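Enquirer: Mind folding the following:
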Amino acid sequence: MSSTSHDPAGRRREIDPLALYASAIDTSDYVRQVAPLIRASVPANGDLLDVGAGGGQLGGALRDPAGRWTAIEPSPGMRSRLARLDHPPQVIAADWHHANELPDSHDTVLAATMPATMDEPEAFLARCRSWARRTVVWVVPAHAGPRGLCFAGCLPLEWHGEDETPGIDIVLRRLLPSSMPRDISFADWTFTGIVPDLDELAAYLADRLGWPAGDDRRARMRAHLALKAKRKAAGFRLEISRRSAVLVWGKS
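Expert: Alright, predicted model coming up:
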């Protein structure tokens, strides 16, 4: 879903939340901090199935050049991005519920920052295990803070109103005792986004939060972001401390 952002000059730009998030992952140390934990638990990924691959940053770092990399990705924008990679995966254009056209099972099934890990963990784990020959790996948020709206971590709780329970707590609470992962490890990293225009970002966030056009919080939003941002040649740099948990299961 995209949101139309309005700035004071009246310009309009469609902002795709997935593209906004993916561009920030490009400039973050997420892969550098998380990938080594996965490699430590799964030294040989073999054929890799990347469920909800997004921009492909983590899957691309973990893929075995001698194996297959397959991505399940429902977003047309993210599929276009995956296709532009130097070594693109085979892409299945579906969500995880409807991905029934997989060419074969895979050694490792990866799901990173997938809502299904928190919304439907038992059903999603069963689906991942049905695709995996050896290992299932999830990466879930482990920080106390917002998880939904991109850059909400820059905002006060009273503005974004999101549940700030760490995602790992939600996942473990909703899994059956028999479904607990064999291994859990944690990585601290920094979500670093460089945005070209703070007015556009402020308007986008205000729109997503449902603030009406005359709401005085809109001007305060722009001022708040300006205080947190660092001016760079490419735009404005915003940083949010994050923690992720890596969960690993065997086939059974």
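
Enquirer: Can you report phi and psi for residue 241?
Expert: With angles defined as degrees, to the nearest 10, residue 241 sits at phi -70, psi 130.

Enquirer: any idea whether the closest residue to it other than its chain neighbours is helix, strand or coil?
Expert: Excluding its sequence neighbours, the residue lying closest to residue 241 (CB to CB, 6 or more residues apart in numbering) is residue 190, at 6.0 Å. Backbone N, C-alpha and C define where each C-beta goes, glycine included. Under DSSP: H, G, I helix; E, B strand; the rest coil, residue 190 falls in the strand class.

Enquirer: Show me which positions of the helix or strand residue 32 falls within end up buried.
Expert: If you go by DSSP states H and E, residue 32 is part of helix 30-41. For helix 30-41, a neighbour-count test (16 or more other CB atoms under 10 Å) marks 30-31, 33-35, 37-38, 41 as buried.

Enquirer: picking up where we left off before, tell me which residues touch the residue nearest to residue 241, please.
Expert: Contacts for residue 190 (CB atoms under 8 Å, 6 or more residues apart in numbering) come out as 28-29, 239-242.

Enquirer: try 6 Å
Expert: 29, 239, 241 (CB atoms under 6 Å, 6 or more residues apart in numbering).

Enquirer: Ok, residue 32 next?
Expert: Taking CB under 6 Å, 6+ apart as the definition, residue 32 has no contacts.

Enquirer: distance of it from residue 64?
Expert: Using CB to CB, to the nearest Å, residue 32 is found at 19 Å from residue 64.

Enquirer: How about residue 54?
Expert: Distance of residue 54 to residue 64, computed by CB to CB: 20 Å.

Enquirer: Next: residue 38.
Expert: On the measure of CB to CB, residue 38 and residue 64 end up 12 Å apart.

Enquirer: Same check on residue 115?
Expert: 27 Å.

Enquirer: hey, where'd the helices end up in the stretch 101-250 of the chain?
Expert: 116-119, 121-131, 157-160, 167-174, 198-208, 217-228 (DSSP state H, counting those that start in this stretch).

Enquirer: and residue 23, which of these is closest to it?
Expert: Smallest distance to residue 23 across the helices of the stretch 101-250 of the chain (CB to CB): 11.7 Å, for helix 198-208.

Enquirer: hang on, the earlier thing: from the buried residues of helix 30-41, which is closest to residue 147?
Expert: Nearest member of the buried residues of helix 30-41 to residue 147, counting by CB to CB, is residue 30, at 14.2 Å.

Enquirer: Report pLDDT for that closest one.
Expert: Here the pLDDT value assigned to residue 30 is 98.

Enquirer: which ones are touching it?
Expert: residue 189.

Enquirer: oh, and call the first residue 7 from now on, that's how I've got it
Expert: Shifting the count to begin at 7 puts that one at residue 36.

Enquirer: quick one: it and residue 194, what's the gap?
Expert: For residue 36, the distance to residue 194 (CB to CB) stands at 11 Å.

Enquirer: Fine, thanks again, bye for now.
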